[in-house]
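Peer 1: make a model of this:
(2 chains)
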Amino acid sequence: MEINEFVKKGKINAFNHLHLAPFLESEHPSLAKVANSYNDVLVHDYIFFKTSCEEKRIKDGLKLVALPFEVLSKKMQVLSRSELLKIELSILLIRNVDTIVVYQFDFNFMEKELLYFKKLFKKLVSKYGKTIVLLDSKIDFMIDLVDRIVVRNFKNELEVFVNPTFYEEHLLELLEAPKIVDFVNYVNHCGKKIGKYTDIKELIKAIYREV
Amino acid sequence: MKKLLEIQEVLFCSSDEVLLHIQNLSFFSGISVFLSGTNASGKTLLLKAIAKQIKYKGRINRKEKVEVVFNSPLFLANSVEDELKYLLLEDEQKKFVSSFFKEKELVQNPNQINEEHKKLLQLCKAFLNKPSIVFIDEVFSFLSKENQAIIFSYAKDAQITLVSVSKNIEEAMDYDYMIVLDKGRIAIEGKTMQVLQEEKLLKRLGIGLPFYVDLSIQLKLYGLIDKIYTTKKELVEALWK
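Peer 2: Alright, predicted model coming up:
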């Protein structure tokens, strides 16, 4: 499958089908797997082993993924999954790869961290010309982030949506809507015209006006 | 209610940092539990302690058979079928496996199947061992709704108590009891709906709330509704009654 033809360089691309992971990972470095077999290894040694870079660049990498430098002296065994993922991301940034495949990213982080990573991904694309590929079964995280989303349609073909709004009817036919979109569409379907929102505060104001 | 597992004064430290300190925690038959918490709050460490993968101080009393399903699977057999071979004894179990794996998929190398099927294979292995309680670490997020429903249904029929460990707060609604960890300690525990109403604490911890609970709480503050609703239908009916 020429799946990589669907990856637009210098953009944030999203794929809604997890089984495409092996095809994407065969071409690009991926964050799908975290290091589980380096239990007694220090974080510093693990990153150095993977990058062969000097201390300063390692620290710059950690800073980019919002990890404190103290993590360098910890053993891999005691790190949480989110910390391990951040370390894998920092390694890709230290290695300065062009394309980063991110797999089921949002399940591993809290809301505040996700906001940070949304900003980071946007910066990596706009400032450094990187290509980001998100591979996720849910699209909530993709709202206000992705430039393109690739979805498998009813004919089993891959269909590209450029600058998706997440209120596009055809897109919502093909994948599960984010909770807020699903609720707004239901309200509108019930005959209460409250408009379209992706922010809960704006939605509450609209409900207040309508009720 | 039968006590299935009891944790007393469990302590795990790295250098001089306390990473896990659970004073007293019990799991009971028939009470499903959603275990959540911030990053590095000790969720997976607790499971590692239960699975005897780390050396800790304190006592974990396993009164019944316990299985722990971790997020990163490693399979040693050459096929899905071989991975399950020694476990498939009864027709009901074979039916359970066939709801996820077609016959041709059983011969595939388990390390090369897609991520959802890897998780399903792990769950099959755990469930077919006939445990009383299964701890599941961030696995449900990878499963389709249909497959989640099959797992829940099988667990109910086989009287297996589920403990799901996840950051995906939307999952919480499917469980009877909720425990939130923060910095290796229990920050709050109780019946799921009671815990979810501790909006300030959960938001301060960065966990957030399920969408409909969050929306209900805020609409309640504006006096637009008088209780918390968990489905869109109920909420819309209450708003525009």
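Peer 1: confirm residue B:179 sits in a helix?
Peer 2: No: assessed with DSSP: H, G, I helix; E, B strand; the rest coil, residue B:179 is strand; it does not lie in a helix.
Peer 1: my guess is it contacts residue B:185. True?
Peer 2: No: judged on C-beta atoms under 8 Å, residue B:179 makes no contact with residue B:185 at a distance of 10.8 Å. No exception for glycine: its C-beta is placed from N, CA and C like everyone else's.
Peer 1: neighbour-wise, which of the two wins?
Peer 2: residue B:179 (24 against 15; other C-beta atoms under 10 Å in any protein chain shown).
Peer 1: tell me how far that one lies from residue B:42.
Peer 2: 11 Å (C-beta to C-beta, to the nearest Å).
Peer 1: what does residue A:94 give?
Peer 2: 28 Å.
Peer 1: can you pick out the residue with more neighbours from the two?
Peer 2: Neighbours per residue, other C-beta under 10 Å: of residue A:94 and residue B:42, the larger number sits with residue B:42, 26 against 21.
Peer 1: need the phi and psi values for the more buried one.
Peer 2: phi 110, psi 10 (degrees, to the nearest 10).
Peer 1: quick one, what contacts it?
Peer 2: When the contact criterion is C-beta atoms under 8 Å, 6 or more residues apart in numbering or on different chains, the partners of residue B:42 are B:12, B:19-20, B:181, B:183-185.
Peer 1: list the helices and strands the least confident helix or strand in chain B by mean pLDDT packs on?
Peer 2: In chain B, no helix or strand scores lower on mean pLDDT, DSSP states H and E than helix B:91-98, which sits at a mean of 85. With contacts taken as 3 or more C-beta pairs under 8 Å, 6 or more residues apart in numbering or on different chains; DSSP states H and E, helix B:91-98 sits against helix B:115-128.
Peer 1: what's the angle between the helix it packs on and helix B:91-98?
Peer 2: In terms of direction (axes from the mean of the first three to the mean of the last three C-alpha atoms, to 10 degrees), helix B:115-128 departs from helix B:91-98 by 170 degrees.
Peer 1: residue B:220 and residue B:40, how far apart?
Peer 2: Taking C-beta to C-beta, one finds residue B:220 at 33 Å from residue B:40.
Peer 1: which among the contacts of residue B:42 gets closest to chain A?
Peer 2: Chain A has its nearest neighbour among those in residue B:19, at 5.9 Å by C-beta to the nearest C-beta.
Peer 1: pairing partners for the helix or strand where the closest one lies, with directions?
Peer 2: In the assignment (DSSP states H and E), residue B:19 maps to strand B:17-28. Strand pairing for strand B:17-28, using DSSP bridges, gives strand B:3-14 (antiparallel).
Peer 1: so which bits of the partner strand are buried?
Peer 2: B:4-5, B:7, B:10, B:12 (16 or more other C-beta atoms under 10 Å in any protein chain shown).
Peer 1: starting at the chain centroid, how far to it?
Peer 2: Taking C-alpha atoms, centre = their mean, to the nearest Å, one finds strand B:3-14 lying 18 Å from the centre of the chain it belongs to.
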